[in-house]
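Novice: after the sequence you'll find the predicted model.
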Amino acid sequence: MIKKVQMFTRNFINKLPGFETDGKPIGGAEVYLHNLAKLFIKMGFDIEIIQAGDDNNLSEFDGIKVRTLRINGIKRKLFPLVLPHIFSNLEDKGALKIYNGPEYAIFRNRDNGPAVGIFHGVPWDSSFYDYVILETKYRRNGTWDFFKSLIRYLYFHFFMPYGVRRSLFNLDKVVSVDSNILNYLTKNLRVKIFVVYNFVDCNLFSPANHDQRVNRIRKILVPRNFNVGRGVYLVPDICRTLLNSTKDFEFLMVGSGPLKSYLEQETVSSNLQSNITFLGHVSHDEMAELYKEADFVLIPSIYSEGTTLAALEAMASQKLLFCTDVGGLKEIGQDGVNKVVVKKNAQDIANKISYYLGHPSEGEEIAKNAREYVCRYFNKEIWEQKWKEVILNELKEKI
């Protein structure tokens, strides 16, 4: 029986340009992989995570062996083609392979034994305007940034869909965090997909034990990496609009990324320092306390979103969640019952935040429903059981 698991990923704990993570998991996909590795360890597997980085080295993170492969120069720019080749040559036939991004399995040999992919949302569900024009506008690097964004757009909209479909033939199963991917696949490929929604630890993420209505300043937590797809560029405009009706609020920006300079400049130039605070990168465990301090949580993603961990954690923390209706976010809860759906523009977001600032009891009822909902349907125990089903039932003949 197989007792070793190899996990292949572009990044796990490596430092990425523009992101201040201090060698910790940067976002949801990395946190997901961390929890999955710990689950495999509990199941008795020997785990190795293989990631790309600046140097070749071996390290350990929370009891997990991590092998970093040096990818630099032209290889770094061509990583979508380079990494699949490297990963395919490192496969151990005696191990179960996990690809954190099924497109990295495009060149693997099926004779190397069982392999499972993980799909974290549809990266090509953005429009040309959302991806290229907005990227160029908010990164503020002019013509060169336009061409870089255009190249990335072409990769995500043309090569990646092909790579994902091609990789599905090389994988035994693909675990998707939402069902949105099924809209992009033919019937013969859909059978490879096993939907296992993202999860939340309802013991770690729990309500505050004090009445926050006594606080005059309402805190709005924005736990997002600073890039265009996560919609953080909307926050300064939301803030300016809210200031027309109230000053008793504060946005708490948690994260880092390429739009950090834009957000900081807008905050200073519009004199919003009293209403927008930057907290930098915060570890996943420390986030639980930040949710408790907040009144509202905003997830303003405009594309490429799954059943994001941040949304589930906000709901489990019994906070009023404002989120767009893109990707896998559609599959979490119901508007006005356990979340508030907002449009992808600052005016609508500001209007809805303003309404619930003035109607706190309505928001509290929605937030209470949210915790009951996610702890019933998205708790971590369900996620772990579903993954065990994938490994022990779906692949029982191969492992």
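Specialist: Structure's in. What do you need? In this text, all values refer to a predicted model and were calculated from it rather than measured experimentally.

Novice: show me which helix runs longest in this structure.
Specialist: helix 360-377 (DSSP state H).

Novice: tell me which residues in that one are buried?
Specialist: 363-364, 366-367, 369-371, 373-375 (16 or more other C-beta atoms under 10 Å). For every residue, glycine as well, the C-beta is placed using N, CA and C.

Novice: also stretch 87-105?
Specialist: For stretch 87-105, by 16+ other C-beta under 10 Å, it's 87-88, 91, 95-105.

Novice: just the endpoints, please. Distance across that stretch?
Specialist: 8 Å (C-alpha to C-alpha, to the nearest Å).

Novice: narrow the buried residues of stretch 87-105 to those in helices?
Specialist: 87-88.

Novice: and the helix or strand hosting I41, what does it pack onto?
Specialist: For I41, the enclosing helix or strand under DSSP states H and E is helix 28-42. Under the contact definition 3 or more C-beta pairs under 8 Å, 6 or more residues apart in numbering; DSSP states H and E, helix 28-42 sits against strand 4-9, strand 46-53, strand 64-70, strand 95-100, strand 115-119, helix 309-316, helix 380-389.

Novice: quick one: average pLDDT of the following helix or strand past the shortest one?
Specialist: Right, strand 115-119. Later in the chain than strand 115-119, the nearest helix or strand by DSSP H and E is helix 128. Mean pLDDT, computed over helix 128, is 93.

Novice: now helix 128, how far from the chain's geometric center?
Specialist: 21 Å (C-alpha atoms, centre = their mean, to the nearest Å).

Novice: what is the subsequent helix or strand relative to that helix?
Specialist: Assigned by DSSP H and E, the successor of helix 128 is helix 134-139.

Novice: tell me the helix or strand right after that following helix.
Specialist: Counting by DSSP H and E, what follows helix 134-139 is helix 142-154.

Novice: which residues sit against that next one?
Specialist: By C-beta atoms under 8 Å, 6 or more residues apart in numbering, the list of residues contacting helix 142-154 from outside reads 126, 128, 131-132, 135-136, 139.

Novice: again, only this time at 6 Å
Specialist: 131-132, 135-136, 139 (C-beta atoms under 6 Å, 6 or more residues apart in numbering).

Novice: repeat for stretch 270-277
Specialist: 239, 250-252, 267.

Novice: one more: stretch 90-110?
Specialist: With C-beta under 6 Å, 6+ apart, stretch 90-110 has contacts from 2, 4-9, 33, 83-85, 87-88, 112-119, 160, 163-164, 166-167, 170-171, 174, 399.

Novice: repeat that for stretch 73-82.
Specialist: I71.

Novice: any idea how far it is from the chain center?
Specialist: The answer for stretch 73-82 is 23 Å, by C-alpha atoms, centre = their mean.

Novice: begin at 30 from now on, thanks
Specialist: Taking 30 as the first residue, the last one we looked at is stretch 102-111.

Novice: so which strand or helix has K122?
Specialist: Assigned by DSSP H and E, K122 falls outside every helix and strand.

Novice: whatever helix or strand Y191 lives in to strand 124-129, inter-axis angle?
Specialist: Assessed by DSSP H and E, Y191 sits inside helix 189-199. Calculated by axes from the mean of the first three to the mean of the last three C-alpha atoms, to 10 degrees, helix 189-199 forms an angle of 160 degrees with strand 124-129.

Novice: and the nearest residue to V151 once chain neighbours are set aside, how far from L288?
Specialist: Counting by C-beta to C-beta, 6 or more residues apart in numbering, N209 is the residue found nearest to V151 once chain neighbours are left out, at 5.3 Å. Counting by C-beta to C-beta, to the nearest Å, the separation of N209 from L288 is 25 Å.

Novice: sorry, back to before: now, among the contacts of helix 171-183, which is nearest to N422?
Specialist: Closest approach to N422 among the contacts of helix 171-183 (C-beta to C-beta): Y160, at 38.5 Å.

Novice: which residues touch H313?
Specialist: V60.

Novice: dihedrals phi and psi, the residue lying closest to Y332 once chain neighbours are set aside?
Specialist: Once flanking residues are discounted, Y332 sits nearest to S155: 3.6 Å by C-beta to C-beta, 6+ apart. Backbone torsions for S155, taken as degrees, to the nearest 10, come to phi -100, psi 160.

Novice: narrow the contacts of stretch 119-139 to those that are buried.
Specialist: When those are checked for burial by 16+ other C-beta under 10 Å, the buried set is 31, 34-38, 62, 112-113, 116-117, 142-148, 189, 192-193, 196, 199-200, 203, 428.

Novice: thinking again about what came up before, okay if I get the buried residues of stretch 116-134 as TSV plus pLDDT and distance to E77?
Specialist: Output for the buried residues of stretch 116-134, formatted as TSV (pLDDT from 0 to 100; distance: C-beta to C-beta, whole Å):
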residue	pLDDT	distance to E77
F116	96	12
S117	96	16
E120	96	12
A124	94	8
L125	95	11
K126	96	11
I127	97	10
Y128	97	14
N129	96	13
G130	93	17
P131	94	19
E132	93	21
Y133	95	15
A134	96	17
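
Novice: may I ask which two of the buried residues of stretch 116-134 are separated the most?
Specialist: Pairwise distances across the buried residues of stretch 116-134 (C-beta to C-beta) peak at 20.2 Å, for the pair A124 and E132.

Novice: now R269: which helix or strand?
Specialist: Secondary structure from DSSP H and E places R269 in helix 264-271.

Novice: for that helix, the averaged confidence score.
Specialist: Mean predicted confidence for helix 264-271 is 98.

Novice: please export the C-alpha coordinates of that helix as CSV.
Specialist: Taking Å, rounded to 0.1, in the frame of the first residue of the first chain, the C-alpha atoms of helix 264-271 are listed here in CSV:
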residue,chain,number,x,y,z
VAL,A,264,-11.7,50.3,-1.3
PRO,A,265,-10.6,53.9,-1.6
ASP,A,266,-13.7,54.8,-3.7
ILE,A,267,-15.9,52.9,-1.3
CYS,A,268,-14.4,54.9,1.6
ARG,A,269,-14.8,58.2,-0.1
THR,A,270,-18.4,57.4,-0.8
LEU,A,271,-19.1,56.4,2.7
